[in-house]
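1. Here is my input, please return the structure:
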Amino acid sequence: MENRQQRTLESFQRDLVFVDQHPITPEPPLLAGMRKSLQASITRIHDLYLQQHHAKNAISGNVARRVRKLRRDWMMPLLRIAQPLLRFAPGVDAALRVPHARSDAHSVAMAALKMADALAPHSKLLSSAGCSKEYMRQFRQEARDLALVTKSSQSARERRAKATSALAEEFKKAKKTVTVIEGLVMLHHGTDSTWAKHWKDRRRVSKRMGRPRTRGKKLLSHTMPSDAPTEMHVFSTHES
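-> As a prediction, the model looks like this:
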């Protein structure tokens, strides 16, 4: 959930608190329906955020590192050892291929599996180079694991995209609901300034936290010479 969305969600929650603390008696059926709808939207937004968060965590941050390791530590040494010696072995030369460094993880994993399959009948050569059966087993397993991770990551990306889209739609729906609630508050509480102030305070989306924009100007004022012309000082401030 984005920072702006988080602050908007907090304003939705304050809207419900306002309606609870300042009830309209008797409560109009439309208001009851809008309260229920807004609460449902808040609950759904929380659920979608969790889905988005879990999907993000499922996208492994180690994929890039594992791809580099598979290419450099496993595939490239095997390529250099086997390619000159097995050049004329049927089907081997085509399978001894290391994808480009910018290739996606799935392509690298599939190429590694093809390489492992092509080298399987040549265990004696590999053994003489110090590549034991266990070494080749680990190579194949790493390629399989990477292929599974990339498949899982793709699925997680799709889930995250769906959750993100659904979040945007739910926020739109909730904003419309709040607009109706605001109309009901205005209708039943009238133009009383106290009610209006309380409602506006609840409705206001808090400002984003961060450094004040004037920080650069203050810093510049300290670095500029005290006898610098006023016009130059103003110009430099805009430039910063």
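
2. Helix or strand next in line after the helix or strand hosting His188, which one?
-> Using DSSP states H and E, His188 sits in helix 133-189. Counting by DSSP H and E, the next helix or strand C-terminal to helix 133-189 is helix 193-203.

3. tell me which strands and helices that next one is in contact with?
-> Here helix 193-203 touches helix 3-21, helix 133-189, going by 3 or more C-beta pairs under 8 Å, 6 or more residues apart in numbering; DSSP states H and E. Yep, even glycine has a C-beta here, placed from its N, CA and C like the rest.

4. Mind doing that once more with 6 Å?
-> Applying 3 or more C-beta pairs under 6 Å, 6 or more residues apart in numbering; DSSP states H and E, one finds that helix 193-203 contacts helix 3-21.

5. Spatially nearest residue to the residue most central in space within the chain, not counting backbone neighbours?
-> The structure's the chain has its C-alpha centroid closest to Lys56; by C-alpha atoms, centre = their mean the separation is 5.6 Å. Spatial nearest neighbour of Lys56, excluding adjacent residues (C-beta to C-beta, 6 or more residues apart in numbering): Arg160 at 5.9 Å.

6. Ala55 is in contact with the one you found, correct?
-> Yes: using C-beta atoms under 6 Å, Arg160 makes contact with Ala55 at a distance of 3.7 Å.

7. what's the neighbour count on the nearest residue to Trp195 once chain neighbours are set aside?
-> Sequence neighbours aside, His189 is the residue nearest to Trp195 in space, at 4.1 Å (criterion: C-beta to C-beta, 6+ apart). Other residues near His189 come to 15 when the count uses other C-beta atoms under 10 Å.

8. I'm done for today, thanks for sticking with me.
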